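Student: Predicted coordinates and the sequence they were generated for:
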Amino acid sequence: MRALLGPHLPGLRRYARAMSGSQRSGDAFVRGVLEALVAAPETISGSQNARLDLFRLFHAFFDPQHDIARTVDWSGVEGVDAPFLPHASRHALLLTAIEGFSTGEAAIILGQTEAETAQAIADAGAAIADSIRSRVLIIEDEAVISMHLEQIVEEMGHEVVATATTRDDAVAEAQRVAPDLVLADIQLADGSSGLDAARDILALFDVPVIFITAYPSRLLTGERAEPTFLVTKPFEPETVIATIGQALLARHPELAPAA
């Protein structure tokens, strides 16, 4: 079981955290499903596509019409407030834009037709395009990447109010501009950490932070306090757009369309 599923757990944690809008809930969802799979390994043993089947079973455990959903006692899983996956209208977009599944694979995971999934992706994209306009702080020491992120953010209709390349600069800029959203690299110009910069900023403001990193698996262990939103370098613009949209709509659910 470990050899079959282990390589795919970081991605499932990333998806669950982004989908739920918090590390606590996302990791709890994953933990509950893994415990159920360990108790009934026949549900995935022999899989020819372990990654797809893991995500498919993850969703099946929350589908009241699916027999497997009855095998998890969510009341005993710390961190789960209700046994359902939030933000259902954006699951298809997160699966394709963030986790890299094809539309057809996402349809299998969600138990939908491919046409239904394609429509859900289009609807979620439209919701993100219409979402709240935010003031963004970019913490990135590579000029080309910083400019690329700035272009993506501004094309979405948001405003980049400051950029920074070090922890100290990031905290100073955050205090100056009070951003609504932070995009942060992990390793910064002077050897300082984007994680430390974000921690300092979060002590001042309650603001969503999206981390951009070439080593996401290091921050998806589920063993300690880790980021909720992660984008892998090198990134596609669609991944950044979907992650920004989810971070903002998870923070402001009143702006999202009904699932």
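Tutor: Yep, that arrived.
Student: Show the contacting residues for the closest residue to residue 22 other than its chain neighbours.
Tutor: Of all residues not flanking residue 22 in the chain, residue 228 sits nearest, at 5.6 Å (C-beta to C-beta, 6 or more residues apart in numbering). Where you see a C-beta, it was placed from the backbone N, CA and C, and this is true even at glycine. When the contact criterion is C-beta atoms under 8 Å, 6 or more residues apart in numbering, the partners of residue 228 are 17-18, 21-23, 26, 208-209, 247.
Student: hmm, which of those residues are the buried ones?
Tutor: 17-18, 21-23, 26, 208-209, 247 (16 or more other C-beta atoms under 10 Å).
Student: which of those residues lies closest to residue 100?
Tutor: Nearest to residue 100, judged by C-beta to C-beta, of these is residue 18 at 13.2 Å.
Student: Doesn't the closest one belong to a strand?
Tutor: No: the assignment for residue 18, made by DSSP: H, G, I helix; E, B strand; the rest coil, is helix rather than a strand.
Student: circling back: any chance of the contacts of residue 228 in TSV, with secondary structure too?
Tutor: Formatted as TSV, those follow (three-state DSSP):
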residue	secondary structure
17	helix
18	helix
21	coil
22	coil
23	helix
26	helix
208	coil
209	strand
247	helix
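Student: Could you give the bridge partners of residue 139?
Tutor: Judged by DSSP bridges, the bridge partners of residue 139 are residue 164, residue 184.
Student: can you put the buried ones among the contacts of residue 228 in a markdown table and add pLDDT?
Tutor: Formatted as a markdown table, those follow (pLDDT from 0 to 100):
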| residue | pLDDT |
| --- | --- |
| 17 | 93 |
| 18 | 92 |
| 21 | 87 |
| 22 | 87 |
| 23 | 91 |
| 26 | 89 |
| 208 | 94 |
| 209 | 96 |
| 247 | 93 |
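Student: Quick check: the two most widely separated of the residues you listed?
Tutor: Across those (C-beta to C-beta), the longest gap, 14.9 Å, separates 26 and 209.
Student: can you give me the strands in the protein?
Tutor: Along the chain, counting by DSSP state E, strands occupy 135-139, 159-164, 181-185, 209-213, 229-232.
Student: Run the angle between the first one and strand 159-164 for me.
Tutor: So the one you mean is strand 135-139. For strand 135-139 against strand 159-164, the angle by axes from the mean of the first three to the mean of the last three C-alpha atoms, to 10 degrees is 20 degrees.
Student: do the third one as well
Tutor: For strand 181-185 against strand 159-164, the angle by the same axes, to 10 degrees is 40 degrees.
Student: gap between the most centrally placed residue in the chain and residue 156?
Tutor: Most central in the chain under C-alpha atoms, centre = their mean is residue 18, positioned 2.5 Å from the mean C-alpha point. Going from residue 18 to residue 156 by C-beta to C-beta, to the nearest Å gives 17 Å.
Student: same thing with residue 136?
Tutor: Residue 136 is 9 Å from residue 156, by C-beta to C-beta.
Student: Residue 248 is in contact with residue 132, correct?
Tutor: Yes: the criterion here is C-beta atoms under 8 Å, and residue 132 meets it with residue 248 at 5.7 Å.
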